[in-house]
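Participant: Have a look; sequence and predicted model below, questions after that.
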Amino acid sequence: MNLDLSLLVPLLAFTDAGLRYIGAGMAIGIGSIAPGLAIGMMAAKAMEAIGRNPEAQPQVQSSMILAIVFAEAIAIYALVVAIMIGFIF
């Protein structure tokens, strides 16, 4: 069996479009790790606080929702950057 590797060389070439899409994927992938972890930790701590002091539920819930919104904004910025990398630049 004779395998001709010269036919695979064009498929292994790095192109500008391919690298752009890899960069966009890395931008959204890396950019959404921290907000995901932050939202999970905030929700866990809020449930723990409500479990310890149920009377403080409205204050804890409103603070948690505000913090989640700020953390989610970072993921939205990463999405915008990924879209810009993929389609504009």
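Facilitator: Yep, it's here. Bear in mind the structure is a predicted one, so any value in this text is a computation, not a measurement.
Participant: So which other helices or strands are in contact with the helix or strand bottoming out on mean pLDDT in the chain?
Facilitator: Least confident helix or strand of the chain, by mean pLDDT, DSSP states H and E, is helix 9-12 with a mean of 72. The contact analysis (3 or more CB pairs under 8 Å, 6 or more residues apart in numbering; DSSP states H and E) places helix 9-12 against no helix or strand. Every C-beta, even on glycine, is put in place using the N, C-alpha and C of the backbone.
Participant: mean confidence score for the very next helix or strand once past that helix?
Facilitator: Per DSSP states H and E, the first helix or strand lying C-terminal to helix 9-12 is helix 16-31. For helix 16-31, mean pLDDT rounds to 91.
Participant: Buried ones in helix 16-31, by neighbour count?
Facilitator: 24, 27-28, 31 (16 or more other CB atoms under 10 Å).
Participant: which residue packs closest to the residue nearest to the spatial centre of the chain, ignoring adjacent ones?
Facilitator: The chain has S32 as the residue nearest its centroid, 1.6 Å off, counting by CA atoms, centre = their mean. Among residues not flanking S32 along the chain, A75 sits closest, at 4.8 Å (CB to CB, 6 or more residues apart in numbering).
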